[in-house]
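J.: Output the structure for:
(2 chains)
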There are 2 protein chains.
Amino acid sequence: MKALVIGGAGFIGSSLCRRLLEMGNEVVCFDNFSLGNENNIKDLKSKKGFSVIKGDASVFEEIDKAFNDNKPDYVFHLAANSDIQASATNPNVEYANTYSTTFQILSCMRKHNVKKMFFSSTSAVYGDKRDVALDENTPNLAPISYYGAAKLGSEALISAFSYMNDLSVLVFRFPNVIGENLTHGVIFDFMHRLKDDGTQLRILGDGKQTKPYIYVQDLVDAIIKFMDVPQGVTLYNVGVEGATSVTKIADIICEEMGLTNVKYNYTGGEGGWKGDVPRFNYCLDKIHAAGWQAKYNSDEAVRMTVKKNLEA
Amino acid sequence: MKALVIGGAGFIGSSLCRRLLEMGNEVVCFDNFSLGNENNIKDLKSKKGFSVIKGDASVFEEIDKAFNDNKPDYVFHLAANSDIQASATNPNVEYANTYSTTFQILSCMRKHNVKKMFFSSTSAVYGDKRDVALDENTPNLAPISYYGAAKLGSEALISAFSYMNDLSVLVFRFPNVIGENLTHGVIFDFMHRLKDDGTQLRILGDGKQTKPYIYVQDLVDAIIKFMDVPQGVTLYNVGVEGATSVTKIADIICEEMGLTNVKYNYTGGEGGWKGDVPRFNYCLDKIHAAGWQAKYNSDEAVRMTVKKNLEA
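T.: Numbering: from 1, shown residues only, chains lettered A, B, ... in the order given. Now for the predicted structure:
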């Protein structure tokens, strides 16, 4: 199979490229190298069947050329802004990098008659419904971030393009994904700041924001397991058992870095920043019933991520 | 109040402009005059407080200038492609005219600190769920047309912009709207074709596609009644009692045009065209409970529309 992995040099995309190559597939990695970077894929460049295209998937001509030159069998669409906190002050980032990429990729699939797709959606499509167990049938999706809005809009596009062009699309809605090669996010920030000053740590909010963190290899396992879907859209919530508070993350990092007596300075308030969903209750019954379960729970994923990033 | 009506020269927009002027408001009509036209607003041009801007709301600079020059209190966003059948062969029309207009308008509201908005959404956001009574809490919205996808994406944007910028937005999801000055759609098509040849009529599908048609003045009544909403998004299904089959529409038109023995030639099949939802069951309990009901049922709306368009 020839796979086109869009956002393939990114944090999740690079792990997916690696796995697809190990399985014996041809892999074309398409990335604009804004959040993705060369370092993530440097071990893959010498591998047989791997190629890299630098391009912007929000520009039809650029992604169209990649389809035209490569004739992929399967499109893995992981191109998006992934730094939600950053786009909170500039919604144009989500319009271009998260929504428009999806539109142009689907337009190319329509034009080039490519039928199979994986799409990385997010728990942020649900919005702030902290007292509801969020499953795939939860009504009234009401994103509170521009990121969540662009992902929900992308899901709507997938629904229509899928119906109109007989596509088979796997959509995963997942929360925070962590692992080696982090480029941003709370673990990344805390580690960097504690390297600079191991005596104190500024923490946004009250530290009680509690979210499930999934280890990147667990997510890749799930993508591979479910990638062959029937015609139409197949949707799963994907996540882990448990959740980890921001304070607990700080504790794990300090422990792994061998720091003691670090003073935590909380800025106060519930959410870390506007558009952040401070906690949610994610129902995974559907994917568990389908025979998949994450190997690592949230606290384990955090600890492994800290270790891997300390080694790097 | 100063109202900015985007898509104000269109079929619905022009009726809304007229009503807002009658109520004593200042009205700025912004339109790209693609589906909207001068004829719809020619009676308004001499009215005090009415002005017209020709521009494209999908281009930030053009709509930004309108906000900057006019400092509106309330934005009525009716700019969209409204010819769903046409965009079925060209999804770019929906990306530009339906989704991108919404993104740029919301970006302008954010920039210029305008807090109040009406948005015209559609029953097409639900997708093809013909055996379910569709209410505002129906889960798994799965549009099957590019139009429905762009509208659902727009609703997602409104959710996030509303939360992030403390907007107050009224969203109506409504089915087919008809009345004077139709520019396309089944009634428009049938009347034109029967004027050319009063002996026979080609009908897409089996003629049993049955939909509710709302009279445009009823819709405008509802917009005015509910336009003051609290902070956040207030959503209503808006529609009428009953529904009218395509064959019944043909019958009403023939009757009103005085044609007898017209031979109907059905192309066969369930839907008129791919992306069309052949019938649906629309639940109006929420808006009825809030004290609004359409004056005209679906058959009455069709008959009045035929009469008005014959007079014109």
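
J.: Now A:Ile63: closest residue in space, sequence neighbours ignored.
T.: Of all residues not flanking A:Ile63 in the chain, A:Ala57 sits nearest, at 4.6 Å (CB to CB, 6 or more residues apart in numbering or on different chains). C-beta coordinates here come from the backbone N, C-alpha and C atoms, glycine included.

J.: what do you get for A:Arg202?
T.: Per CB to CB, 6+ apart, closest to A:Arg202 is A:Asn265, 4.9 Å.

J.: what does the helix or strand hosting that neighbour contact?
T.: Here A:Asn265 sits within strand A:263-266, counting by DSSP states H and E. When contacts are defined by CB atoms under 8 Å, 6 or more residues apart in numbering or on different chains, strand A:263-266 is touched by residues A:Thr199, A:Gln200, A:Leu201, A:Arg202, A:Ile203, A:Gly205, A:Asp206, A:Gly207, A:Thr247, A:Ala250.

J.: How about stretch A:25-35?
T.: By CB under 8 Å, 6+ apart, stretch A:25-35 touches A:1-11, A:13-14, A:17, A:20-21, A:41, A:44, A:49-57, A:63, A:66, A:70, A:72, A:79, A:81-83, A:97, A:183-184.

J.: May I see the buried residues of that stretch?
T.: By 16 or more other CB atoms under 10 Å in any protein chain shown, the buried positions in stretch A:25-35 come out as A:Asn25, A:Glu26, A:Val27, A:Val28, A:Cys29, A:Phe30, A:Asp31, A:Asn32, A:Leu35.

J.: Distance check, the last one against A:Tyr126.
T.: Pointing back at A:Leu35 there. 23 Å (CB to CB, to the nearest Å).

J.: ok, the residue of the stretch 51-200 of chain A found nearest chain B - how many residues close by?
T.: In the stretch 51-200 of chain A, the residue found nearest to chain B is A:Gly153; the distance is 3.0 Å by CB to the nearest CB. Residues lying near A:Gly153 (other CB atoms under 10 Å in any protein chain shown) number 31.

J.: Leaving aside the residues adjacent along the chain, what's closest to A:Asn40?
T.: Closest to A:Asn40 by CB to CB, 6+ apart is A:Ser14, at 3.7 Å.

J.: In its sheet, which strands sit next to the strand holding A:Asn265, and in what direction?
T.: Applying DSSP bridges to the sheet, strand A:263-266 is found paired with strand A:200-203 (parallel).

J.: ok so, going back, and the contacts of stretch A:25-35, which of them are in strands?
T.: Counting by DSSP state E, the contacts of stretch A:25-35 place A:Lys2, A:Ala3, A:Leu4, A:Val5, A:Ile6, A:Phe50, A:Ser51, A:Val52, A:Ile53, A:Lys54 in strands.

J.: Which among those count as buried?
T.: A:Ala3, A:Leu4, A:Val5, A:Ile6, A:Phe50, A:Val52, A:Ile53.

J.: right, and the pair among those with maximum separation?
T.: A:Ile6 and A:Phe50 (14.8 Å; CB to CB).

J.: Let me see the contact set for A:Thr267.
T.: Contacts of A:Thr267 by CB under 8 Å, 6+ apart are A:Arg202, A:Ile203, A:Leu204, A:Gly205.

J.: among those, who's most crowded?
T.: Of the contacts of A:Thr267, with other CB under 10 Å as the count, A:Ile203 tops at 21 neighbours.

J.: How is chain A partitioned into domains?
T.: Chain A breaks down by automatic domain parsing into domains covering A:2-177+A:213-237, A:179-212+A:242-279+A:296-311.

J.: out of those domains, nearest to B:Ala312?
T.: The nearest among the domains of chain A, by CB to CB, is domain A:2-177+A:213-237 at 34.2 Å.

J.: Do me a favour and get the end-to-end distance for the closest one?
T.: One end of domain A:2-177+A:213-237 to the other measures 26 Å (CA to CA, to the nearest Å).

J.: picking up where we left off before, format the ones in strands among the contacts of stretch A:25-35 as a markdown table; extra columns: distance to A:Gly291 and pLDDT.
T.: Compiled in a markdown table, the ones in strands among the contacts of stretch A:25-35 are given as follows (distance: CB to CB, whole Å; pLDDT from 0 to 100):
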| residue | distance to A:Gly291 | pLDDT |
| --- | --- | --- |
| A:Lys2 | 27 | 98 |
| A:Ala3 | 23 | 98 |
| A:Leu4 | 27 | 98 |
| A:Val5 | 25 | 98 |
| A:Ile6 | 28 | 98 |
| A:Phe50 | 30 | 98 |
| A:Ser51 | 33 | 98 |
| A:Val52 | 34 | 98 |
| A:Ile53 | 35 | 98 |
| A:Lys54 | 38 | 98 |
